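K.L.:
any chance you can model this:
(4 chains)
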Number of protein chains: 2
Amino acid sequence: MAGLREKQKADREKRILQAAVTRFRADGYRSVRIEDLAEAAEVSVGTVYNYYTTKGDILIATVAMEVEEVLEEGAALVAAPPHGAEKALLALIFGYYDHSLNYLSKEMWRRAMALSIEAPSTPNGRRYAELDRRLEAQVAEMIGVLQARGEVRGDVDPEPLGRVVFDTLNQAFIGFVSDEAMTLTTLRSNVRATIRTLAHLISTEAA
Amino acid sequence: MAGLREKQKADREKRILQAAVTRFRADGYRSVRIEDLAEAAEVSVGTVYNYYTTKGDILIATVAMEVEEVLEEGAALVAAPPHGAEKALLALIFGYYDHSLNYLSKEMWRRAMALSIEAPSTPNGRRYAELDRRLEAQVAEMIGVLQARGEVRGDVDPEPLGRVVFDTLNQAFIGFVSDEAMTLTTLRSNVRATIRTLAHLISTEAA
DNA sequence: AAAAAAAGTTGAACCCATTCACGTTTGCAG
DNA sequence: CTGCAAACGTGAATGGGTTCAACTTTTTTT
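P.N.:
Got it, this is the predicted structure:
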(Lines give C-alpha, C1' and ligand atoms only; values in the text may rest on other atoms or scores of the structure.)
Protein backbone atom coordinates (compact mmCIF):
# COMPACT_ATOMS: atom_id res chain seq x y z
CA MET A 1 0.00 0.00 0.00
CA ALA A 2 2.61 2.52 1.02
CA GLY A 3 5.33 1.62 -1.43
CA LEU A 4 7.73 4.26 -2.63
CA ARG A 5 5.80 4.67 -5.83
CA GLU A 6 2.52 5.29 -4.01
CA LYS A 7 4.11 7.86 -1.79
CA GLN A 8 5.70 9.73 -4.66
CA LYS A 9 2.42 9.76 -6.52
CA ALA A 10 0.48 11.19 -3.61
CA ASP A 11 3.23 13.72 -3.11
CA ARG A 12 3.23 14.91 -6.68
CA GLU A 13 -0.54 15.20 -6.84
CA LYS A 14 -0.57 17.26 -3.66
CA ARG A 15 2.17 19.54 -4.96
CA ILE A 16 0.31 20.12 -8.21
CA LEU A 17 -2.97 20.91 -6.48
CA GLN A 18 -1.23 23.16 -4.00
CA ALA A 19 0.51 25.02 -6.79
CA ALA A 20 -2.82 25.39 -8.56
CA VAL A 21 -4.70 26.83 -5.59
CA THR A 22 -1.90 29.31 -4.97
CA ARG A 23 -1.19 30.39 -8.52
CA PHE A 24 -4.79 30.49 -9.70
CA ARG A 25 -5.70 32.87 -6.93
CA ALA A 26 -2.56 34.94 -7.22
CA ASP A 27 -2.27 35.33 -10.97
CA GLY A 28 -5.74 34.38 -12.22
CA TYR A 29 -6.81 31.07 -13.68
CA ARG A 30 -6.44 32.12 -17.26
CA SER A 31 -2.97 33.52 -17.11
CA VAL A 32 -1.48 30.54 -15.31
CA ARG A 33 0.02 28.15 -17.82
CA ILE A 34 0.27 24.45 -17.22
CA GLU A 35 3.99 24.92 -17.57
CA ASP A 36 3.91 27.29 -14.59
CA LEU A 37 2.15 24.73 -12.45
CA ALA A 38 4.56 22.05 -13.57
CA GLU A 39 7.49 24.21 -12.62
CA ALA A 40 6.03 25.14 -9.23
CA ALA A 41 5.26 21.50 -8.50
CA GLU A 42 8.64 20.37 -9.79
CA VAL A 43 7.29 17.98 -12.35
CA SER A 44 7.02 18.08 -16.12
CA VAL A 45 4.06 19.26 -18.16
CA GLY A 46 3.30 15.70 -19.16
CA THR A 47 3.12 14.64 -15.55
CA VAL A 48 0.53 17.27 -14.72
CA TYR A 49 -1.61 15.67 -17.39
CA ASN A 50 -0.97 12.34 -15.83
CA TYR A 51 -2.80 13.44 -12.71
CA TYR A 52 -5.42 15.75 -14.17
CA THR A 53 -6.93 15.27 -17.58
CA THR A 54 -7.38 18.97 -18.35
CA LYS A 55 -6.61 22.34 -16.85
CA GLY A 56 -10.26 22.64 -15.92
CA ASP A 57 -10.00 19.37 -14.09
CA ILE A 58 -7.50 20.89 -11.69
CA LEU A 59 -9.91 23.71 -11.07
CA ILE A 60 -12.81 21.39 -10.36
CA ALA A 61 -10.68 19.63 -7.79
CA THR A 62 -10.24 22.88 -5.87
CA VAL A 63 -13.94 23.73 -6.21
CA ALA A 64 -14.80 20.34 -4.81
CA MET A 65 -12.68 20.98 -1.71
CA GLU A 66 -14.54 24.22 -1.14
CA VAL A 67 -18.01 22.78 -1.63
CA GLU A 68 -17.36 19.79 0.60
CA GLU A 69 -16.63 22.16 3.45
CA VAL A 70 -19.71 24.19 2.71
CA LEU A 71 -21.88 21.09 2.74
CA GLU A 72 -20.55 20.15 6.14
CA GLU A 73 -21.34 23.54 7.61
CA GLY A 74 -24.74 23.37 5.97
CA ALA A 75 -25.48 20.02 7.58
CA ALA A 76 -24.95 21.54 11.01
CA LEU A 77 -27.46 24.27 10.19
CA VAL A 78 -30.02 21.84 8.82
CA ALA A 79 -29.83 19.88 12.06
CA ALA A 80 -31.06 22.93 13.98
CA PRO A 81 -32.30 25.73 11.71
CA PRO A 82 -33.16 29.20 13.01
CA HIS A 83 -36.87 29.84 13.47
CA GLY A 84 -38.96 30.91 10.52
CA ALA A 85 -38.63 29.95 6.86
CA GLU A 86 -37.03 33.19 5.73
CA LYS A 87 -34.43 33.29 8.47
CA ALA A 88 -33.58 29.62 8.18
CA LEU A 89 -33.18 29.63 4.40
CA LEU A 90 -31.14 32.80 4.43
CA ALA A 91 -28.87 31.42 7.13
CA LEU A 92 -28.16 28.38 4.98
CA ILE A 93 -27.68 30.38 1.81
CA PHE A 94 -25.50 33.02 3.42
CA GLY A 95 -23.38 30.22 4.84
CA TYR A 96 -22.79 29.01 1.29
CA TYR A 97 -21.99 32.47 0.06
CA ASP A 98 -19.71 33.53 2.90
CA HIS A 99 -17.58 30.48 2.42
CA SER A 100 -17.40 30.72 -1.33
CA LEU A 101 -14.35 32.91 -1.67
CA ASN A 102 -12.17 31.05 0.82
CA TYR A 103 -10.14 29.23 -1.78
CA LEU A 104 -11.61 30.49 -5.02
CA SER A 105 -11.68 33.78 -6.82
CA LYS A 106 -14.66 34.96 -8.81
CA GLU A 107 -12.80 34.15 -12.00
CA MET A 108 -12.25 30.60 -10.82
CA TRP A 109 -15.94 30.18 -10.06
CA ARG A 110 -16.89 31.51 -13.44
CA ARG A 111 -14.61 29.13 -15.20
CA ALA A 112 -15.74 26.19 -13.10
CA MET A 113 -19.40 26.89 -13.73
CA ALA A 114 -18.81 27.43 -17.41
CA LEU A 115 -16.98 24.13 -17.51
CA SER A 116 -19.79 22.23 -15.87
CA ILE A 117 -22.22 23.53 -18.47
CA GLU A 118 -19.96 23.11 -21.42
CA ALA A 119 -18.67 19.66 -20.73
CA PRO A 120 -21.30 18.01 -18.55
CA SER A 121 -20.43 14.49 -19.52
CA THR A 122 -16.74 14.61 -18.66
CA PRO A 123 -15.70 13.32 -15.23
CA ASN A 124 -15.13 16.91 -14.12
CA GLY A 125 -18.51 18.05 -15.37
CA ARG A 126 -20.20 15.16 -13.62
CA ARG A 127 -18.37 15.90 -10.44
CA TYR A 128 -19.50 19.51 -10.40
CA ALA A 129 -23.08 18.50 -11.21
CA GLU A 130 -22.98 16.07 -8.33
CA LEU A 131 -21.94 18.83 -5.94
CA ASP A 132 -24.83 20.97 -7.17
CA ARG A 133 -27.18 18.07 -6.66
CA ARG A 134 -26.07 17.67 -3.07
CA LEU A 135 -26.47 21.36 -2.32
CA GLU A 136 -29.95 21.26 -3.79
CA ALA A 137 -30.78 18.23 -1.68
CA GLN A 138 -29.56 20.00 1.41
CA VAL A 139 -31.88 22.93 0.75
CA ALA A 140 -34.78 20.55 0.27
CA GLU A 141 -33.82 18.80 3.48
CA MET A 142 -33.97 22.03 5.39
CA ILE A 143 -37.38 22.80 3.98
CA GLY A 144 -38.46 19.35 5.13
CA VAL A 145 -37.22 20.08 8.64
CA LEU A 146 -39.08 23.37 8.71
CA GLN A 147 -42.19 21.61 7.51
CA ALA A 148 -41.92 19.03 10.26
CA ARG A 149 -41.65 21.88 12.72
CA GLY A 150 -44.85 23.35 11.36
CA GLU A 151 -43.19 26.48 9.99
CA VAL A 152 -43.76 25.66 6.36
CA ARG A 153 -47.10 24.77 4.78
CA GLY A 154 -47.72 21.07 4.79
CA ASP A 155 -49.28 20.99 1.34
CA VAL A 156 -46.07 21.58 -0.63
CA ASP A 157 -43.46 19.08 -1.67
CA PRO A 158 -39.99 20.02 -0.33
CA GLU A 159 -38.25 18.53 -3.33
CA PRO A 160 -39.39 20.85 -6.14
CA LEU A 161 -39.30 23.70 -3.68
CA GLY A 162 -35.72 22.92 -2.81
CA ARG A 163 -34.94 23.00 -6.48
CA VAL A 164 -36.58 26.38 -6.89
CA VAL A 165 -34.69 27.84 -3.95
CA PHE A 166 -31.42 26.35 -5.14
CA ASP A 167 -31.90 27.61 -8.68
CA THR A 168 -32.54 31.04 -7.24
CA LEU A 169 -29.51 31.12 -4.98
CA ASN A 170 -27.37 29.65 -7.71
CA GLN A 171 -28.43 32.20 -10.29
CA ALA A 172 -27.87 35.03 -7.82
CA PHE A 173 -24.41 33.63 -7.20
CA ILE A 174 -23.71 33.60 -10.91
CA GLY A 175 -24.68 37.25 -10.96
CA PHE A 176 -22.27 37.85 -8.12
CA VAL A 177 -19.26 36.20 -9.70
CA SER A 178 -20.10 37.80 -13.03
CA ASP A 179 -19.61 41.24 -11.58
CA GLU A 180 -16.16 41.79 -10.14
CA ALA A 181 -17.37 44.88 -8.34
CA MET A 182 -20.28 43.26 -6.49
CA THR A 183 -19.75 42.68 -2.78
CA LEU A 184 -21.03 39.80 -0.70
CA THR A 185 -23.24 42.34 1.06
CA THR A 186 -24.96 43.22 -2.18
CA LEU A 187 -25.35 39.57 -3.09
CA ARG A 188 -26.98 38.88 0.25
CA SER A 189 -29.31 41.76 -0.15
CA ASN A 190 -30.29 40.67 -3.66
CA VAL A 191 -31.08 37.16 -2.63
CA ARG A 192 -32.89 38.28 0.49
CA ALA A 193 -35.44 40.09 -1.63
CA THR A 194 -36.21 37.00 -3.67
CA ILE A 195 -36.18 34.54 -0.80
CA ARG A 196 -38.43 36.78 1.24
CA THR A 197 -41.09 36.49 -1.44
CA LEU A 198 -40.73 32.73 -1.57
CA ALA A 199 -40.66 32.35 2.20
CA HIS A 200 -43.80 34.40 2.44
CA LEU A 201 -45.55 32.03 0.08
CA ILE A 202 -44.56 28.82 1.78
CA SER A 203 -44.79 29.86 5.41
CA THR A 204 -47.70 28.75 7.53
CA GLU A 205 -50.22 31.55 7.81
CA ALA A 206 -48.91 32.45 11.26
CA ALA A 207 -46.93 35.29 9.64
CA MET B 1 -25.10 55.30 -46.65
CA ALA B 2 -24.98 52.63 -49.29
CA GLY B 3 -21.49 53.08 -50.61
CA LEU B 4 -19.65 50.14 -52.12
CA ARG B 5 -17.73 49.63 -48.91
CA GLU B 6 -20.88 49.46 -46.79
CA LYS B 7 -22.46 46.96 -49.11
CA GLN B 8 -19.39 44.74 -49.14
CA LYS B 9 -19.21 44.84 -45.38
CA ALA B 10 -22.83 43.84 -44.90
CA ASP B 11 -22.32 41.13 -47.47
CA ARG B 12 -19.28 39.66 -45.80
CA GLU B 13 -20.84 39.72 -42.36
CA LYS B 14 -23.91 37.94 -43.65
CA ARG B 15 -21.81 35.32 -45.39
CA ILE B 16 -19.81 34.65 -42.25
CA LEU B 17 -22.88 34.35 -40.05
CA GLN B 18 -24.58 32.14 -42.60
CA ALA B 19 -21.56 29.91 -42.80
CA ALA B 20 -21.48 29.72 -39.02
CA VAL B 21 -25.12 28.73 -38.58
CA THR B 22 -24.74 26.06 -41.21
CA ARG B 23 -21.42 24.62 -40.21
CA PHE B 24 -21.93 24.79 -36.45
CA ARG B 25 -25.11 22.76 -36.75
CA ALA B 26 -23.72 20.36 -39.31
CA ASP B 27 -20.30 19.64 -37.85
CA GLY B 28 -20.58 20.83 -34.26
CA TYR B 29 -19.35 24.10 -32.85
CA ARG B 30 -16.12 22.71 -31.54
CA SER B 31 -14.92 20.97 -34.63
CA VAL B 32 -15.50 23.92 -36.92
CA ARG B 33 -12.32 25.93 -37.26
CA ILE B 34 -12.29 29.64 -37.97
CA GLU B 35 -10.41 28.76 -41.11
CA ASP B 36 -13.38 26.66 -42.22
CA LEU B 37 -15.75 29.55 -41.75
CA ALA B 38 -13.39 31.87 -43.55
CA GLU B 39 -13.21 29.52 -46.48
CA ALA B 40 -16.98 29.03 -46.64
CA ALA B 41 -17.54 32.78 -46.47
CA GLU B 42 -14.79 33.45 -48.99
CA VAL B 43 -12.80 35.73 -46.76
CA SER B 44 -9.57 35.34 -44.83
CA VAL B 45 -9.18 34.32 -41.21
CA GLY B 46 -8.19 37.84 -40.29
CA THR B 47 -11.40 39.21 -41.78
CA VAL B 48 -13.55 36.93 -39.70
CA TYR B 49 -11.91 38.52 -36.67
CA ASN B 50 -12.64 41.89 -38.11
CA TYR B 51 -16.35 41.23 -37.81
CA TYR B 52 -16.46 39.07 -34.69
CA THR B 53 -13.98 39.43 -31.89
CA THR B 54 -13.94 35.75 -30.94
CA LYS B 55 -15.33 32.46 -32.11
CA GLY B 56 -17.81 32.61 -29.25
CA ASP B 57 -18.96 35.98 -30.49
CA ILE B 58 -20.17 34.41 -33.72
CA LEU B 59 -22.12 31.92 -31.66
CA ILE B 60 -23.74 34.61 -29.54
CA ALA B 61 -24.90 36.32 -32.71
CA THR B 62 -26.80 33.19 -33.75
CA VAL B 63 -28.22 32.74 -30.26
CA ALA B 64 -29.44 36.32 -30.33
CA MET B 65 -31.35 35.68 -33.55
CA GLU B 66 -33.08 32.75 -31.92
CA VAL B 67 -33.97 34.53 -28.71
CA GLU B 68 -35.32 37.59 -30.50
CA GLU B 69 -37.82 35.36 -32.25
CA VAL B 70 -38.75 33.66 -29.04
CA LEU B 71 -39.36 36.99 -27.33
CA GLU B 72 -41.68 38.01 -30.10
CA GLU B 73 -43.76 34.86 -29.81
CA GLY B 74 -43.76 35.31 -26.06
CA ALA B 75 -45.12 38.83 -26.35
CA ALA B 76 -48.13 37.52 -28.24
CA LEU B 77 -48.82 35.05 -25.45
CA VAL B 78 -48.43 37.65 -22.73
CA ALA B 79 -51.00 39.81 -24.47
CA ALA B 80 -53.61 37.09 -24.01
CA PRO B 81 -52.46 34.28 -21.69
CA PRO B 82 -54.42 31.05 -21.25
CA HIS B 83 -56.50 30.86 -18.10
CA GLY B 84 -54.89 29.84 -14.85
CA ALA B 85 -51.35 30.48 -13.59
CA GLU B 86 -50.04 27.00 -14.29
CA LYS B 87 -51.38 26.81 -17.81
CA ALA B 88 -50.31 30.31 -18.69
CA LEU B 89 -46.77 29.98 -17.38
CA LEU B 90 -46.29 26.60 -18.99
CA ALA B 91 -47.55 27.90 -22.33
CA LEU B 92 -44.96 30.66 -22.21
CA ILE B 93 -42.14 28.38 -21.10
CA PHE B 94 -42.95 25.63 -23.57
CA GLY B 95 -42.98 28.25 -26.27
CA TYR B 96 -39.42 29.12 -25.34
CA TYR B 97 -38.37 25.51 -25.25
CA ASP B 98 -40.03 24.43 -28.46
CA HIS B 99 -38.33 27.17 -30.37
CA SER B 100 -34.93 26.61 -28.85
CA LEU B 101 -33.58 24.06 -31.28
CA ASN B 102 -34.65 25.83 -34.45
CA TYR B 103 -31.23 27.20 -35.25
CA LEU B 104 -29.11 25.89 -32.42
CA SER B 105 -27.91 22.49 -31.34
CA LYS B 106 -27.55 21.51 -27.71
CA GLU B 107 -23.80 21.85 -28.01
CA MET B 108 -24.20 25.40 -29.26
CA TRP B 109 -26.44 26.29 -26.34
CA ARG B 110 -23.99 24.82 -23.88
CA ARG B 111 -21.14 26.78 -25.31
CA ALA B 112 -23.16 29.99 -25.43
CA MET B 113 -24.26 29.68 -21.84
CA ALA B 114 -20.78 28.80 -20.68
CA LEU B 115 -19.52 31.83 -22.51
CA SER B 116 -21.97 34.17 -20.89
CA ILE B 117 -20.85 33.00 -17.48
CA GLU B 118 -17.17 32.93 -18.23
CA ALA B 119 -16.83 36.26 -19.95
CA PRO B 120 -19.71 38.35 -18.66
CA SER B 121 -18.02 41.66 -19.25
CA THR B 122 -17.25 41.19 -22.92
CA PRO B 123 -19.73 42.63 -25.42
CA ASN B 124 -20.90 39.10 -26.18
CA GLY B 125 -21.38 38.24 -22.55
CA ARG B 126 -23.33 41.41 -21.98
CA ARG B 127 -25.46 40.71 -24.96
CA TYR B 128 -26.40 37.28 -23.73
CA ALA B 129 -27.11 38.62 -20.26
CA GLU B 130 -29.36 41.24 -21.78
CA LEU B 131 -31.37 38.56 -23.57
CA ASP B 132 -31.78 36.69 -20.30
CA ARG B 133 -32.92 39.87 -18.64
CA ARG B 134 -35.57 40.42 -21.26
CA LEU B 135 -36.85 36.87 -20.97
CA GLU B 136 -37.06 37.25 -17.22
CA ALA B 137 -38.94 40.53 -17.62
CA GLN B 138 -41.38 38.85 -19.96
CA VAL B 139 -42.14 36.17 -17.40
CA ALA B 140 -42.69 38.84 -14.76
CA GLU B 141 -44.94 40.70 -17.16
CA MET B 142 -47.10 37.66 -17.66
CA ILE B 143 -47.42 37.18 -13.93
CA GLY B 144 -48.49 40.81 -13.72
CA VAL B 145 -51.19 40.22 -16.32
CA LEU B 146 -52.45 37.17 -14.45
CA GLN B 147 -52.52 39.20 -11.29
CA ALA B 148 -54.54 41.94 -12.94
CA ARG B 149 -56.97 39.28 -14.06
CA GLY B 150 -57.30 38.08 -10.48
CA GLU B 151 -55.75 34.68 -11.15
CA VAL B 152 -52.64 35.29 -9.07
CA ARG B 153 -52.56 36.43 -5.46
CA GLY B 154 -52.41 40.18 -5.17
CA ASP B 155 -49.98 40.17 -2.27
CA VAL B 156 -46.89 39.07 -4.21
CA ASP B 157 -44.53 41.16 -6.26
CA PRO B 158 -44.34 39.91 -9.88
CA GLU B 159 -40.75 40.97 -10.23
CA PRO B 160 -38.99 38.59 -7.80
CA LEU B 161 -41.49 35.93 -8.76
CA GLY B 162 -40.62 36.36 -12.39
CA ARG B 163 -37.01 35.93 -11.46
CA VAL B 164 -37.74 32.72 -9.58
CA VAL B 165 -39.72 31.29 -12.47
CA PHE B 166 -37.08 32.29 -14.96
CA ASP B 167 -34.26 30.82 -12.88
CA THR B 168 -36.23 27.61 -12.70
CA LEU B 169 -36.95 27.34 -16.39
CA ASN B 170 -33.40 28.33 -17.21
CA GLN B 171 -31.86 25.74 -14.93
CA ALA B 172 -34.16 23.08 -16.32
CA PHE B 173 -33.05 24.09 -19.78
CA ILE B 174 -29.43 23.76 -18.78
CA GLY B 175 -30.25 20.26 -17.61
CA PHE B 176 -31.81 19.60 -20.99
CA VAL B 177 -28.90 20.76 -23.10
CA SER B 178 -26.48 19.00 -20.76
CA ASP B 179 -27.97 15.65 -21.59
CA GLU B 180 -27.84 14.82 -25.28
CA ALA B 181 -30.34 12.03 -24.76
CA MET B 182 -33.05 14.11 -23.11
CA THR B 183 -36.07 14.91 -25.27
CA LEU B 184 -38.15 18.07 -25.25
CA THR B 185 -40.96 15.96 -23.87
CA THR B 186 -38.93 15.04 -20.83
CA LEU B 187 -37.84 18.63 -20.35
CA ARG B 188 -41.45 19.75 -20.42
CA SER B 189 -42.46 17.15 -17.95
CA ASN B 190 -39.61 18.08 -15.60
CA VAL B 191 -40.46 21.73 -15.61
CA ARG B 192 -44.17 21.06 -15.30
CA ALA B 193 -43.60 19.42 -11.94
CA THR B 194 -41.74 22.41 -10.57
CA ILE B 195 -44.00 25.07 -12.06
CA ARG B 196 -47.05 23.28 -10.78
CA THR B 197 -45.78 23.66 -7.24
CA LEU B 198 -45.06 27.32 -7.76
CA ALA B 199 -48.35 27.98 -9.52
CA HIS B 200 -50.18 26.33 -6.67
CA LEU B 201 -48.52 28.71 -4.24
CA ILE B 202 -49.25 31.90 -6.12
CA SER B 203 -52.72 31.17 -7.45
CA THR B 204 -55.74 32.77 -5.87
CA GLU B 205 -57.38 30.27 -3.55
CA ALA B 206 -60.09 29.53 -6.11
CA ALA B 207 -58.14 26.39 -7.03
C1' DA C 1 -7.98 62.25 -62.54
C1' DA C 2 -3.90 61.82 -59.57
C1' DA C 3 -2.44 61.56 -54.94
C1' DA C 4 -3.04 61.00 -50.22
C1' DA C 5 -5.76 59.27 -46.45
C1' DA C 6 -8.83 56.09 -44.51
C1' DA C 7 -10.67 51.69 -44.04
C1' DG C 8 -10.34 46.96 -44.61
C1' DT C 9 -8.12 42.53 -45.94
C1' DT C 10 -4.66 39.14 -45.57
C1' DG C 11 -2.10 35.01 -43.87
C1' DA C 12 2.00 33.91 -41.48
C1' DA C 13 3.47 33.95 -36.67
C1' DC C 14 2.38 33.44 -31.74
C1' DC C 15 0.64 31.40 -27.61
C1' DC C 16 -0.94 27.49 -24.92
C1' DA C 17 -3.53 23.44 -23.84
C1' DT C 18 -3.00 18.87 -24.96
C1' DT C 19 -0.74 14.57 -26.89
C1' DC C 20 2.56 10.92 -27.56
C1' DA C 21 6.82 8.33 -28.59
C1' DC C 22 10.59 7.53 -25.81
C1' DG C 23 13.43 7.14 -21.64
C1' DT C 24 13.64 6.21 -16.59
C1' DT C 25 12.30 4.37 -12.19
C1' DT C 26 10.08 1.01 -9.27
C1' DG C 27 8.54 -3.55 -8.07
C1' DC C 28 9.38 -8.26 -8.28
C1' DA C 29 10.80 -13.10 -9.84
C1' DG C 30 14.55 -16.06 -10.13
C1' DC D 1 21.73 -9.24 -6.43
C1' DT D 2 20.37 -9.25 -11.47
C1' DG D 3 17.32 -8.50 -14.95
C1' DC D 4 12.74 -8.02 -16.75
C1' DA D 5 8.01 -5.98 -16.98
C1' DA D 6 4.97 -2.60 -15.72
C1' DA D 7 4.15 1.97 -14.43
C1' DC D 8 5.39 6.50 -14.69
C1' DG D 9 7.77 10.87 -16.09
C1' DT D 10 9.37 13.72 -19.88
C1' DG D 11 9.39 17.58 -23.18
C1' DA D 12 9.23 18.31 -28.02
C1' DA D 13 5.53 18.26 -31.45
C1' DT D 14 0.65 19.27 -32.73
C1' DG D 15 -3.52 21.90 -33.41
C1' DG D 16 -6.41 25.77 -33.43
C1' DG D 17 -7.82 30.39 -31.67
C1' DT D 18 -6.01 34.91 -31.92
C1' DT D 19 -2.89 38.83 -33.30
C1' DC D 20 -0.49 42.05 -36.23
C1' DA D 21 2.50 44.31 -39.70
C1' DA D 22 2.26 44.70 -44.55
C1' DC D 23 -0.64 45.12 -48.55
C1' DT D 24 -5.22 46.51 -51.26
C1' DT D 25 -9.16 48.77 -52.12
C1' DT D 26 -12.28 52.53 -51.49
C1' DT D 27 -13.03 57.28 -50.51
C1' DT D 28 -11.79 61.96 -50.22
C1' DT D 29 -9.03 65.88 -51.47
C1' DT D 30 -6.92 69.03 -54.63
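K.L.:
need phi/psi at the closest residue to A:N190 other than its chain neighbours.
P.N.:
Closest residue to A:N190 apart from its sequence neighbours, by CB to CB, 6 or more residues apart in numbering or on different chains: A:A172 at 5.5 Å. C-beta: built from backbone N, CA, C; applies to glycine. When read as degrees, to the nearest 10, the backbone of A:A172 gives phi -60, psi -40.
K.L.:
just confirm A:L101 is within a strand.
P.N.:
No: read with DSSP: H, G, I helix; E, B strand; the rest coil, A:L101 is coil and lies in no strand.
K.L.:
now do the helices in chain A.
P.N.:
Ranges of helices in chain A, per DSSP state H, are A:4-27, A:34-41, A:45-51, A:55-79, A:85-99, A:106-118, A:123-148, A:158-178, A:184-202.
K.L.:
what is the burial count for A:E35?
P.N.:
A:E35 has 11 neighbours, counted by other CB atoms under 10 Å in any protein chain shown.
K.L.:
check whether stretch A:133-146 comes into contact with chain B.
P.N.:
No: shown here: stretch A:133-146 not in contact with chain B (CB under 8 Å from any CB of the partner chain), separated by at least 9.6 Å.
K.L.:
re the thing from before, the helices of chain A into JSON lines, with extra columns for mean pLDDT and distance to DNA strand D?
P.N.:
Converted to JSON lines, the helices of chain A look like this (pLDDT from 0 to 100; distance: least, CB to the nearest atom of the strand, whole Å):
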{"stretch": "helix A:4-27", "mean pLDDT": "94", "distance to DNA strand D": "5"}
{"stretch": "helix A:34-41", "mean pLDDT": "97", "distance to DNA strand D": "7"}
{"stretch": "helix A:45-51", "mean pLDDT": "98", "distance to DNA strand D": "2"}
{"stretch": "helix A:55-79", "mean pLDDT": "96", "distance to DNA strand D": "12"}
{"stretch": "helix A:85-99", "mean pLDDT": "98", "distance to DNA strand D": "31"}
{"stretch": "helix A:106-118", "mean pLDDT": "96", "distance to DNA strand D": "14"}
{"stretch": "helix A:123-148", "mean pLDDT": "95", "distance to DNA strand D": "17"}
{"stretch": "helix A:158-178", "mean pLDDT": "96", "distance to DNA strand D": "19"}
{"stretch": "helix A:184-202", "mean pLDDT": "96", "distance to DNA strand D": "29"}
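K.L.:
for A:A2, report the pLDDT, please.
P.N.:
On the pLDDT scale, A:A2 is placed at 66.
K.L.:
my understanding was that A:L161 contacts A:I143; is that so?
P.N.:
Yes: between A:L161 and A:I143 there is a contact at 5.4 Å, judged by CB atoms under 8 Å.
K.L.:
okay, and the common contacts of the two?
P.N.:
Common contact partners of A:L161 and A:I143 (CB atoms under 8 Å, 6 or more residues apart in numbering or on different chains): A:I202.
K.L.:
these two - which one has more neighbours?
P.N.:
More crowded of A:L161 and A:I143, by other CB under 10 Å: A:I143, with 27 against 24.
K.L.:
A:A64: neighbour count?
P.N.:
Around A:A64 there are 16 other residues, counting by other CB under 10 Å.
K.L.:
show me what contacts it?
P.N.:
Shown in contact with A:A64 (CB under 8 Å, 6+ apart): A:127-128, A:131.
K.L.:
of those residues, which is the most crowded?
P.N.:
Among the contacts of A:A64, A:Y128 has the most neighbours (other CB under 10 Å), with 24 neighbours.
K.L.:
ok, for it, nearest residue in space, not its chain neighbours?
P.N.:
Excluding its sequence neighbours, the residue lying closest to A:Y128 (CB to CB, 6+ apart) is A:S116, at 3.7 Å.
K.L.:
may I see the contacts of A:A64 arranged in CSV, with distance to B:E66 as well?
P.N.:
Formatted as CSV, the contacts of A:A64 follow (distance: CB to CB, whole Å):
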residue, distance to B:E66
A:R127, 30
A:Y128, 26
A:L131, 30
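K.L.:
now A:A193: how far from B:L135?
P.N.:
A:A193 is 19 Å from B:L135, where distance means CB to CB, to the nearest Å.
K.L.:
which one of those two has more residues nearby?
P.N.:
A side-by-side neighbour count of A:A193 and B:L135, using other CB under 10 Å, places B:L135 first with 20 against 13.
K.L.:
hmm, B:R163 and that one touching each other?
P.N.:
No: contact status for B:L135 versus B:R163: not in contact, 10.8 Å apart, counting by CB under 8 Å.
K.L.:
who touches the residue positioned nearest the centre of chain A in this structure?
P.N.:
The structure's chain A has its C-alpha centroid closest to A:V67; by CA atoms, centre = their mean the separation is 4.2 Å. For A:V67, the contacting residues are A:131, A:134-135, by CB under 8 Å, 6+ apart.
K.L.:
kindly recompute the last result at 7 Å.
P.N.:
Contact partners of A:V67, counting by CB atoms under 7 Å, 6 or more residues apart in numbering or on different chains, are A:L131.
K.L.:
cool, and A:F176?
P.N.:
For A:F176, the contact set (CB under 7 Å, 6+ apart) comprises A:182, A:187.
K.L.:
switch to 8 Å and redo it
P.N.:
Applying CB under 8 Å, 6+ apart, the residues near A:F176 are A:97, A:106, A:182, A:184, A:186-187, A:190.
K.L.:
and these, which are buried?
P.N.:
Those of the contacts of A:F176 that meet the buried threshold are A:97, A:106, A:187, A:190, by 16 or more other CB atoms under 10 Å in any protein chain shown.
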